[in-house]
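>>> have a look at this fold, sequence not included:
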């Protein structure tokens, strides 16, 4: 049981390049999330998904797109990277949205630098 | 709207000393609170959560937190810290997406540095 995994762990991009970050979970969770973590700002939600085939915008969605074609995978895309997207990206999942079991499980993160 | 303020960005402490990490929240809906810990170069993991019931919540690794409704606080405490507790700690409050789904709103984090 690997939990939540993220690929790649590190990446350096030039401005204008594109890339996709992959998140996979093996816990059969319904909900999945993408966050970015910047110093002094905590975690900010980029996009989220409440089930296979569904996605929605979070707090800071501009410049990112997502897809959830399979329940276990949640992809985050950067179409044209900008230096402001230099950050650590975390994927998370939760079993569902009910409060009684509400806990998010996090991946190890992807450190992205855009030059 | 919901928000979280962590009052200290960094807390240095000596090993075996007690520690308190402070968190204040605001919420316009029923309050549910969480503390997560992030060890160096890792993702976040849940320390403890308050959903209802006793205001004193015990979590993993000897941590506990107390929900204080009148002071809108959820401070995290440990009576005796270890070097291995060095990490960043995040307080979070339950929020709601537009469709009524639950989400977490995180504070900016407190970096706990335990020195020998």
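Arrived safely, thanks for sending. Please read all numbers here as calculations on a predicted model, not as lab measurements.
>>> list the contacts of the spatially most central residue of chain A.
Per C-alpha atoms, centre = their mean, the C-alpha nearest to the average position across chain A is that of residue A:34, at 2.6 Å. Residue A:34 makes contact with A:21, A:23, A:45-48, A:58, A:64, A:66, A:74, A:76, A:89-91, according to C-beta atoms under 8 Å, 6 or more residues apart in numbering or on different chains. C-beta coordinates here come from the backbone N, C-alpha and C atoms, glycine included.
>>> repeat that for residue B:113.
Contact analysis of residue B:113 by C-beta under 8 Å, 6+ apart lists B:10, B:11, B:12, B:13, B:86.
>>> hmm, back to that, what helix or strand does the residue nearest to the centre of chain A sit in?
strand A:31-38 (DSSP states H and E).
>>> break down the chain into its strands, ranges please.
No chain was given, so I picked chain A. Secondary structure of chain A by DSSP state E: the strands cover A:4-7, A:10-13, A:19-25, A:31-38, A:42-51, A:54-57, A:64-67, A:73-78, A:87-94, A:105-106, A:110-114.
>>> that was the other one, I meant chain B.
With DSSP E as the definition, chain B shows strands at residue ranges B:3-6, B:10-14, B:19-21, B:23-26, B:33-38, B:44-50, B:56-58, B:64-68, B:73-78, B:87-96, B:102-106, B:110-115.
>>> weakest of those strands by average pLDDT?
For those, mean pLDDT drops lowest on strand B:102-106, to a mean of 84.
>>> can you tell me the strand partners of it and which way each runs?
strand B:87-96 (antiparallel) (DSSP bridges).
>>> could I get the pLDDT score of residue A:59?
pLDDT, residue A:59: 89.
>>> so where is chain A shaky, pLDDT-wise?
A:1, A:99-101 (pLDDT under 70).
>>> quick check: residues of it near chain B?
A:4, A:31, A:40-45, A:48, A:50, A:56, A:58, A:90, A:92, A:97-100, A:102-109 (C-beta under 8 Å from any C-beta of the partner chain).
>>> narrow the residues you listed to those that are buried.
Neighbour counting by 16 or more other C-beta atoms under 10 Å in any protein chain shown classes A:4, A:31, A:42-45, A:48, A:50, A:58, A:90, A:92, A:97, A:102, A:104-107, A:109 among these as buried.
>>> if we can go back for a sec, turn the strands of chain B into TSV, columns for distance to residue A:83.
As requested, the strands of chain B are arranged in TSV below (distance: least, C-beta to C-beta, whole Å):
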stretch	distance to residue A:83
strand B:3-6	27
strand B:10-14	26
strand B:19-21	32
strand B:23-26	32
strand B:33-38	24
strand B:44-50	25
strand B:56-58	41
strand B:64-68	38
strand B:73-78	35
strand B:87-96	24
strand B:102-106	24
strand B:110-115	25
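>>> can you tell me which of these comes nearest to residue A:82?
The closest of the strands of chain B to residue A:82 is strand B:102-106. By C-beta to C-beta, the value is 23.4 Å.
>>> any idea how many residues pack against residue 114?
Because you didn't say which chain, this covers chain A. Using other C-beta atoms under 10 Å in any protein chain shown, residue A:114 has 19 other residues around it.
>>> wait, chain B was what I had in mind.
Residues lying near residue B:114 (other C-beta under 10 Å) number 20.
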